[in-house]
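Participant: Can you look at this prediction? I've put the sequence above it.
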Amino acid sequence: MNRLRLQDRARILGCLTEGNSMRATSRLCDVSINTVTKLLVDVGTACDLYQNETLRNLPCKRIQVDEIWSFCGMKEKNVPPMRRGELGVGDVYT
């Protein structure tokens, strides 16, 4: 199995963290989208393991978080009256 050089992996992750889509990243870095997907899964697994080991019993007194807005299916203003209140349709906050 071929392995990407560290510089290529760093470039792919840099593109993704700058907000590029996976398809755009594959074009910019001249790699297959499957390569980008596999690298993203590997890095996600490594981050999960690291955070599970490291971020335990923190002595935090205050935590500040930001909300993330998105929509599912359609924006809230475009939801027809018969679908208002339906779970999974309209504005979504994380």
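Facilitator: Arrived safely.

Participant: Which parts of the protein are helices?
Facilitator: 6-17, 22-29, 33-54 (DSSP state H).

Participant: Do you know the pLDDT at Val43?
Facilitator: pLDDT for Val43: 96.

Participant: and what of Val31?
Facilitator: Looking at Val31, its pLDDT reads 96.

Participant: count of residues packed around it?
Facilitator: A total of 17 residues lie near Val31 under the criterion other CB atoms under 10 Å. Just so you know, the C-beta spots here come from the backbone N, C-alpha and C atoms, and that holds for glycine as well.

Participant: what's it in contact with, if anything?
Facilitator: Leu4, Asp8, Ile12 (CB atoms under 8 Å, 6 or more residues apart in numbering).

Participant: pLDDT check: weakest of those residues?
Facilitator: Comparing the contacts of Val31 by pLDDT, Leu4 comes last, at 92.

Participant: Can I get the helices of the chain in a markdown table including distance to Glu76?
Facilitator: A markdown table is the format used below for the helices of the chain (distance: least, CB to CB, whole Å):
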| stretch | distance to Glu76 |
| --- | --- |
| helix 6-17 | 29 |
| helix 22-29 | 28 |
| helix 33-54 | 30 |
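
Participant: In CSV: those helices, plus mean neighbour count and distance to Cys60.
Facilitator: CSV is the format used below for the helices of the chain (neighbours: other CB atoms under 10 Å; distance: least, CB to CB, whole Å):
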stretch, mean neighbour count, distance to Cys60
helix 6-17, 14, 25
helix 22-29, 16, 33
helix 33-54, 12, 14
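
Participant: Figure out which of the ones you listed is closest to Gly90.
Facilitator: When the helices of the chain are compared by CB to CB, helix 22-29 sits nearest Gly90, at 26.2 Å.

Participant: so what does the closest one touch, helix or strand wise?
Facilitator: On a contact count with 3 or more CB pairs under 8 Å, 6 or more residues apart in numbering; DSSP states H and E, helix 22-29 meets helix 6-17, helix 33-54.

Participant: okay, now the domains of this protein?
Facilitator: With domains defined by automatic domain parsing, the chain comprises 6-54, 66-94.
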